[in-house]
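1. Sequence plus predicted model, see below.
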Amino acid sequence: MAVKIYIVYYSMYGHVEKLAEEIKKGASSVEGVEVKLFQVPETMNEEVLGKMGAPSKSEVPTITANELAEADGILFGFPTRFGMMAAQFKAFLDSTGGLWRTQALSGKPAGIFYSTGSQGGGQETTPLTAITQLVHHGMLFVPVGYTFGAGMFEMEQVKGGSPYGAGTFAGDGSRQPTELELGLAHHQGQYFAGIATKLKGSSVDA
């Protein structure tokens, strides 16, 4: 039976979506893993988004809260707003009360990836403050740690990401994820899928 990994994200300008796509490639490289991409619902209307210069959403399907329970492991991605996850993603998590009540997500591994506007804009506070959501659901946070090796210690170029997970800098919106940032995203997907596979295997053996 395949290990189901869901990558659930919100992306206003496409930066988080690019990380999500690369994470999917990494997770899909692990044998026996089935990976699906999902967006969370948008809470702003088209007029407001247009004034903010946000492009149209991609064709990636929108997820409902109850669908989270189908996954064996979930990676959550979002841009930051003042050092915390964007309101659109928080609104989605706020809709998971039914899952919390039954602890339907308890014991499932979870990872985090993100985008910030600047180097001091929340590359660590964004995932750190998001962990509270996982804790209340009883999920098992899987950080990438320093398993990416030398790439975690790169000092010659601007680099998003941290031991918490893959990340990028959006800047004024024109900057796109670099090869190094995408490399970390790919690694996170592969690493996370490996952990999820081991956890599911151990539960089956038990």
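-> Sure, I can see it. Numbers count the residues shown, from 1 in each chain.

2. C-terminal to the least confident helix or strand in the chain by mean pLDDT, which secondary structure element comes first?
-> For the chain, counting by mean pLDDT, DSSP states H and E, helix 46-51 ranks last in confidence among helices and strands (a mean of 84). As assigned by DSSP states H and E, the chain's next helix or strand after helix 46-51 is strand 73-81.

3. Partner strands of that next one, with direction?
-> Strand 73-81 sits in its sheet next to strand 3-9 (parallel), strand 84-85 (antiparallel), strand 109-116 (parallel), going by DSSP bridges.

4. any weak-confidence spans in the chain?
-> Residue ranges of the chain with pLDDT under 70: 203-206.

5. how about the helices in it?
-> Secondary structure of the chain (DSSP state H): helices located at 15-28, 46-51, 87-94, 97-102, 125-137, 179-205.

6. packing partners for the third one?
-> Contacting helix 87-94 under the criterion 3 or more Cβ pairs under 8 Å, 6 or more residues apart in numbering; DSSP states H and E are the following elements: strand 73-81. Yep, even glycine has a C-beta here, placed from its N, CA and C like the rest.

7. How far away from the center of its chain is the strand it packs on?
-> 3 Å (Cα atoms, centre = their mean, to the nearest Å).

8. just stretch 41-61 next, same as before
-> 19 Å.

9. and what of stretch 140-158?
-> 16 Å.

10. Show the contacting residues for the nearest residue to residue 139 once chain neighbours are set aside.
-> Setting aside the residues directly before and after it, residue 139 is nearest to residue 110 in space (Cβ to Cβ, 6 or more residues apart in numbering), at 4.2 Å. Shown in contact with residue 110 (Cβ atoms under 8 Å, 6 or more residues apart in numbering): 73, 74, 75, 76, 134, 139, 140, 141, 142.

11. repeat for residue 192
-> Residue 192 makes contact with 5, 23, 27, 73, 75, 109, 111, 142, 144, according to Cβ under 8 Å, 6+ apart.

12. how about the spatially closest residue to residue 14 that is not a sequence neighbour, phi and psi?
-> In space, and not counting its chain neighbours, residue 14 is closest to residue 55: 6.4 Å by Cβ to Cβ, 6+ apart. Main-chain dihedrals, residue 55, degrees, to the nearest 10: phi -70, psi 170.

13. neighbours of residue 55, just the number please.
-> Neighbour count of residue 55, defined by other Cβ atoms under 10 Å: 11.

14. could the strands paired with strand 73-81 be laid out in JSON lines, adding distance to residue 200?
-> Output for the strands paired with strand 73-81, formatted as JSON lines (distance: least, Cβ to Cβ, whole Å):
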{"stretch": "strand 3-9", "distance to residue 200": "5"}
{"stretch": "strand 84-85", "distance to residue 200": "27"}
{"stretch": "strand 109-116", "distance to residue 200": "9"}
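
15. Mean neighbour count, the ones you listed: which tops it?
-> Sort these by mean neighbour count, taking mean count of other Cβ atoms under 10 Å, and strand 109-116 sits at the top with a mean of 28.

16. orientation of that one relative to helix 179-205 in degrees?
-> Taking axes from the mean of the first three to the mean of the last three Cα atoms, to 10 degrees, one finds that strand 109-116 is oriented at 160 degrees with respect to helix 179-205.
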